[in-house]
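[1] here is my input, please return the structure:
(chains A and B)
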There are 2 protein chains.
Amino acid sequence: MTTYKVLFLPDGKEAEVEPGCTLMEAAEKAEVYINSLCGGKGACGKCKVQVKSDGIRADKHSISYLTKEEIQKGFVLACQTKVEEDMEVLVPPESRLEEEQIMMDESVVDYSQPEKVLVPKVTADPMTLFDPIVQKIYLELKIPTLEDNIADIDRITRELRRRTEHQYFDVSLFCLQGLAAKLRDNDWKVTVTISKHANICRILQIEPGDTTENHFGVAVDVGTTTVVAQLVNLKTGAVMGVAGSHNLQAHYGEDVISRIIYACGREKGLNPLHEAVIKNINNLIKTLVEENGIEERDVTAVVAAGNTTMSHLLLALTPCSIRLDPYVPTAKNFPQVWAREVGININRNGVLETVPGVASYVGGDIVAGVLSCGIADRSEMRALIDVGTNGEIAIGNNEWLVCCSASAGPAFEGGGIRCGMRATRGAIEKISIENNEVKYKTIGKAKPRGICGSGLIDCIYELARNRIIDGDGKFNLETGQERFVEYEGEPGYIVAFSKETETGEDLIICESDISNLIRSKGAVFAAIKSLVDYVGLGFEDIETFYVAGGFGNYLDIPRAIGIGLLPDIDPDRIKFVGNSSLMGARMALLSGHALEKTTHIANGMTNIELSTYQPFMDEYVAAMFLPHTDRRLFPSVDY
Amino acid sequence: MTTYKVLFLPDGKEAEVEPGCTLMEAAEKAEVYINSLCGGKGACGKCKVQVKSDGIRADKHSISYLTKEEIQKGFVLACQTKVEEDMEVLVPPESRLEEEQIMMDESVVDYSQPEKVLVPKVTADPMTLFDPIVQKIYLELKIPTLEDNIADIDRITRELRRRTEHQYFDVSLFCLQGLAAKLRDNDWKVTVTISKHANICRILQIEPGDTTENHFGVAVDVGTTTVVAQLVNLKTGAVMGVAGSHNLQAHYGEDVISRIIYACGREKGLNPLHEAVIKNINNLIKTLVEENGIEERDVTAVVAAGNTTMSHLLLALTPCSIRLDPYVPTAKNFPQVWAREVGININRNGVLETVPGVASYVGGDIVAGVLSCGIADRSEMRALIDVGTNGEIAIGNNEWLVCCSASAGPAFEGGGIRCGMRATRGAIEKISIENNEVKYKTIGKAKPRGICGSGLIDCIYELARNRIIDGDGKFNLETGQERFVEYEGEPGYIVAFSKETETGEDLIICESDISNLIRSKGAVFAAIKSLVDYVGLGFEDIETFYVAGGFGNYLDIPRAIGIGLLPDIDPDRIKFVGNSSLMGARMALLSGHALEKTTHIANGMTNIELSTYQPFMDEYVAAMFLPHTDRRLFPSVDY
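    So this is what the prediction gives:
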């Protein structure tokens, strides 16, 4: 069969593909990663590439996403363009899924330790008891005699019973095969690796000699957008390193829904999504072990936390029913599996634990977050707000927990906003406006390329405070004439002039972008308000609000209150915790008690289905204003 | 490389082998099974074959096992003869491991049912509660709604919780993968297969629709000599069929010790022994499923009972340390494993349970026997005597159990006795002698080829009763002149004249054979006596003696007492139970409670190591006489 070569520039990477394959697919094959918010449906215009061939032109459908100049220069949408000849394709920076500055470090929660050893070895708090879910125990066994000639494996479990709290050990056949020689050839000195899951203690491997020094685990936050992994020393609890990358599933759709549609809309659609996230995790593990001079076989445990769809894709479970009424996942609690069963490259007897979820739209990431914030540990009521494409809220204490999820849209992660981008190099992360003068700060001090979540919050707040926009998000066109423009048929405001930006074009926020952000913040606030009302409380009853999410490296809490995203309470009672899912996964890795607690949290949390809950609808409509249609809810907001 | 063809007659089976390969190995390759008591060391002379090639002659070493006539006719030992040209080889009947009439049906123990449905479905006795270790449960699930949208697997376990006594279910990833579609495509009607092991309930598979009619299990007695399997309907408890075959490991040695030496004396020596028994089991399962018109995938459970070495070889565990002081096996309790892990061809999610043993020389076969005889169920003291190459004795009740094992030699299975053979066609199984006239009965009413265990017991008894031999086993040469002969330099007695036999040669029992039998019976009796003494009892305190073993189809109990093999008590208190190991394996298959009880029996049984127990030595010496040196122990014996 004829094949064509596609060369991607400036990478210089090439793929050989069959005719009819899209440029997006060719790019993936060449390991060039192109943006795709809509999952390849030609509906977002984020995958623009420049084709260096005269014969290829943008199709009719794609033209609506391209400027006349772009069309002339040979730009097309990669997902809509088929390969019918050898081609050279230039991928511009804005269409590229780059290694971004990924939210890897969780902020410091009040009770945790600021040092790298986050979970101290001995503490009175069972929450933080150092008791890794996989442990290595070095045994110097007594040599058998006629008076003491119990079976080899019983000699091991007898000693383990003395050294652990377990009585019963589940032994795989693999551990028994060859055991006799292993003991006798090594002077009866072996290291036993055990794991715990739901009160079952399993012997994973028996190694000759003392290998307790080589014992590591990996905690993974499997986010829809990014996958972050931490390497942890399971002997000491020390965090050895952290690495993050884009979720490679982005090629099949930017959000959860479009990925489910991809997985379920075609034969074996699940496979590429499953393989993508496994590749992510394997790449991160490879990076981490190489950086630390250890081997993959020294890693015996992985704990992963992700939303319910991510967890399903990780374990190769079909996610189809998650998005269909009545929103049923295959599983909420996941079995402990051999890491190799799903293709994760660690020790061949290593295990993978997946943090359980609550419902189709409240997953293990929230459960891990609730764990890491200690919400289920104390009698005081506290809340976790995770702002992402879905805004998820959990409220409760050591007696009860409720949660809900609202579709907030990807606005705060930079999606659906023309000038929006993720918190990566060149993103404006802070903005202030005084006297129509805009001051901003970009990540990496680079020329601005767009605005990330924290910058967008600042931007809306500053526009409203300066009365450049009204409460409904419409521009007061009589103010600030210099920065007002008409852009694509609607009013816009220039945040950064063309001479300042990397692209050489004005960075403009339009009315429709502001409208998107108001919808997003409205959905999140309505969800918080509905849930607080649902449990019969007021905001004042909640001791602390923890806020997690991919806004950027920080969140300006007073401004987040100022736009009506977060409730108007003392800002000191609101704490930005960053990646609470990763921290929860690490806690579950370092403490069997914490892992067990994730099951209690998941099983004990009541999910309120907002899509059928009328008060939420009313709250949502009421919140579609800056800061809110009911000003009494935001007394401290001064614009 | 050059290869040679070896044609085996009268089978007409051919093997192509490399130069230097032995005829024994070539025969195995051609699937012609030749006797080998010594494990191919040229030490038993049981593998005589006739070579139809002029160039091949018996080597110097082999000549001692061959008569001059045999040498002239081209007889050689198959294990000592190398293939150096194309050959034709005739395998005479006496050198052949035939499909024998294998001890497949256990005798009826007092409390069991004589019908095929041995374990009634409902009974007050927990011992016989019908509760198979693998069960199929057909579920018609409620269709999810928004009010009831728990995860798919939770919908299944919720229903299982209602239908079983289990609360927690261990689910494999395999069962979750594809589950969503399986439920939705089949109207929420599925059959769940669950298994139980040590209080863990595992979901093995989830099938569409109602498959509860297709549910079978296999019980296997893995004997050193023979492997016997029973197919059982796990829905009804009915025994569907039984099949037996020689243990193919016989090619590597006739007894446990020679097989251990084979496995441990060379690189990868374990593999052929493991593969041989797996081949045995797979062949038996294939036969059984074909006979019953079912599929291998309808079989979801196998329970195997065997001595400790057989269990190790079954699971591919190295048996080396079993035979070395201090006699330590790798394991006494064996994990539930996937049948496919060891190569057993049943349902790909089917499991294998191996009945636990007590010590290196008291294995799962005895534990299964104790289970099947109900010894651990009642307050009355009872004993099980399993007479094989090792004689194993267990004594006890529902409060305590002791056991021991004594090397008895293979005499009662026909080994080490020149005229001895297994209980197969042509074996003399009953003998009586009156006025120097010998009457006998052969299996299959064929011309006699040899004498099996039950016939040997009769023979010795009759020789002693007729005073043809004395108490020390020596012939009274002044009696019965017609039948006395000198054979291979020692006195012998013709049991069947040449004109009566299949081979056309006299069937002779010699003084050394009698001496072997006296040693064997002495070892068994000494073990019984030592163990009874050890626990401070007399024979009269033991309500019932169950006798198991491969003597033949029956055992003449008064004559077994008469030669001093069994204690001299009321013969009605001694019951021949045949293959009690197979019966125990089937009970463990049909009742989770019974399987659990095997662990209690194994763990609760005290093993008395006779090899270092002086009173046994004394008893052994005292028992080397017919019926015993202490006549007071055998008051009813009248010769």
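[2] with adjacent residues omitted, what lies nearest to residue A:306?
    Distance criterion CB to CB, 6 or more residues apart in numbering or on different chains; nearest residue to residue A:306, sequence neighbours excluded, is residue A:222 at 3.3 Å. C-beta here means a position set from N, CA and C on the backbone, and glycine is covered the same way.
[3] next up, the contacts around that neighbour.
    Residues near residue A:222 by CB atoms under 8 Å, 6 or more residues apart in numbering or on different chains: A:247, A:277, A:280-281, A:304-306, A:310-311, A:314, A:365.
[4] report the beta-bridge partner residues of it.
    residue A:227, residue A:306 (DSSP bridges).
[5] what pLDDT does it get?
    pLDDT, the model's per-residue confidence, is 96 for residue A:222.
[6] residues of the stretch 351-500 of chain A that sit close to chain B?
    Within reach of chain B by CB under 8 Å from any CB of the partner chain, the stretch 351-500 of chain A has these residues: A:359-360.
[7] what's the first-to-last distance across stretch A:469-479?
    End-to-end distance for stretch A:469-479: 9 Å, by CA to CA, to the nearest Å.
[8] okay, and for the stretch 451-600 of chain A, where does confidence drop off?
    A:480 (pLDDT under 70).
[9] residue of it closest to chain B, please.
    residue A:599 (11.1 Å; CB to the nearest CB).
[10] what's around that residue, how many residues?
    17 (other CB atoms under 10 Å in any protein chain shown).
[11] any idea how far residue A:198 is from it?
    8 Å (CB to CB, to the nearest Å).
[12] could you do residue A:227 as well?
    Taking CB to CB, one finds residue A:227 at 26 Å from residue A:198.
[13] looking at the two, which is more packed in?
    residue A:227 (28 against 13).
[14] please identify the buried residues of stretch A:267-277?
    Neighbour counts over stretch A:267-277 (16 or more other CB atoms under 10 Å in any protein chain shown) mark A:269-270, A:272-277 as buried.
[15] go on, stretch A:366-383?
    A:366-377, A:381-383.
[16] ok, stretch A:325-334 next?
    A:326-334.
[17] for stretch A:284-292, same thing?
    Per 16+ other CB under 10 Å, stretch A:284-292 contains these buried residues: A:284-285, A:287-289.
[18] kindly report the same for stretch A:532-541.
    Neighbour-count burial for stretch A:532-541 flags A:532, A:534-535, A:539 (criterion: 16+ other CB under 10 Å).
[19] and what of stretch A:629-639?
    A:633-634, A:637.
[20] run through the stretch 51-200 of chain A and note the low-pLDDT ranges.
    For the stretch 51-200 of chain A (pLDDT under 70), the answer is A:97-128.
[21] where along it do the helices fall?
    Counting by DSSP state H, counting those that start in this stretch, the stretch 51-200 of chain A has helices at residues A:60-63, A:68-72, A:152-163, A:173-176, A:179-185.
[22] residue A:523 reaches residue A:405, doesn't it?
    No: under the criterion of CB atoms under 8 Å, residue A:523 makes no contact with residue A:405, lying 10.1 Å away.
[23] find the residues that touch each one of these two.
    residue A:391.
[24] rewinding a little: can you lay out the contacts of residue A:222 as TSV showing secondary structure?
    Formatted as TSV, the contacts of residue A:222 follow (DSSP: H, G, I helix; E, B strand; the rest coil):
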residue	secondary structure
A:247	coil
A:277	helix
A:280	helix
A:281	helix
A:304	strand
A:305	strand
A:306	strand
A:310	helix
A:311	helix
A:314	helix
A:365	helix
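[25] TSV for the residues you listed, including distance to residue B:467 and pLDDT?
    TSV is the format used below for the contacts of residue A:222 (distance: CB to CB, whole Å; pLDDT from 0 to 100):
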residue	distance to residue B:467	pLDDT
A:247	94	90
A:277	87	97
A:280	90	96
A:281	85	98
A:304	84	98
A:305	87	97
A:306	89	96
A:310	89	97
A:311	85	98
A:314	84	98
A:365	92	95
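[26] excluding chain neighbours, give the residue nearest to the residue nearest the centre of chain A in space.
    For chain A, residue A:223 is the residue whose C-alpha lies nearest the centre (CA atoms, centre = their mean; 2.2 Å). Excluding its sequence neighbours, the residue lying closest to residue A:223 (CB to CB, 6+ apart) is residue A:247, at 6.4 Å.
[27] ok, now which ones touch that neighbour?
    By CB under 8 Å, 6+ apart, residue A:247 lies in contact with A:222-227, A:276-277, A:280.
[28] go on, residue A:200?
    Contacts of residue A:200 (CB under 8 Å, 6+ apart): A:168, A:170, B:170, B:200.
[29] quickly list what it is bridged to.
    Under the criterion used (DSSP bridges), residue A:200 bridges to residue A:197.
[30] helices along the stretch 251-400 of chain A, start to end?
    Remark: helices assigned in the stretch 251-400 of chain A by DSSP H, counting those that start in this stretch are A:256-264, A:270-291, A:308-314, A:364-372.
[31] tell me which of those helices lies nearest to residue A:231.
    Nearest to residue A:231, of all the helices of the stretch 251-400 of chain A, is helix A:270-291, at 4.0 Å by CB to CB.
[32] now do that closest one against helix A:256-264, angle only.
    110 degrees (axes from the mean of the first three to the mean of the last three CA atoms, to 10 degrees).
[33] is helix A:270-291 up against chain B anywhere?
    No: Helix A:270-291 stays clear of chain B (CB under 8 Å from any CB), getting no nearer than 9.0 Å.
[34] output stretch A:136-146 as CSV, nothing but the C-alphas.
    Only the C-alpha atoms of stretch A:136-146 are listed here, as CSV (Å, rounded to 0.1, in the frame of the first residue of the first chain):
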residue,chain,number,x,y,z
LYS,A,136,10.1,-4.6,52.7
ILE,A,137,11.1,-6.6,55.7
TYR,A,138,14.6,-8.1,56.1
LEU,A,139,14.6,-11.5,57.8
GLU,A,140,17.4,-13.6,59.2
LEU,A,141,15.6,-16.9,59.7
LYS,A,142,16.6,-19.6,62.0
ILE,A,143,18.0,-22.6,60.2
PRO,A,144,15.6,-25.6,60.3
THR,A,145,16.3,-28.5,62.6
LEU,A,146,14.5,-31.8,63.2
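[35] centre of the chain versus it, how much separation?
    Put simply, stretch A:136-146 sits 45 Å off its chain's centre (CA atoms, centre = their mean, to the nearest Å).
[36] is any residue of that stretch near chain B?
    Yes: Stretch A:136-146 is in contact with chain B by CB under 8 Å from any CB, via A:144-146.
[37] run through who's touching that stretch.
    A:148, A:150, A:155-156, A:159-160, A:163-164, A:183, A:188-194, A:210-212, A:215, A:234-235, A:300, B:325-328, B:609, B:612.
[38] relative to residue A:333, how far out is the residue lying closest to residue A:355 once chain neighbours are set aside?
    Sequence neighbours aside, residue A:364 is the residue nearest to residue A:355 in space, at 3.4 Å (criterion: CB to CB, 6+ apart). For residue A:364, the distance to residue A:333 equals 10 Å [CB to CB].
[39] hey, what's in contact with both of the two?
    A:356, A:602.
[40] quick check: residues of the stretch 101-250 of chain A near chain B?
    Contact residues, the stretch 101-250 of chain A versus chain B (CB under 8 Å from any CB): A:144-146, A:148-154, A:168, A:170-173, A:176-181, A:184, A:198, A:200.
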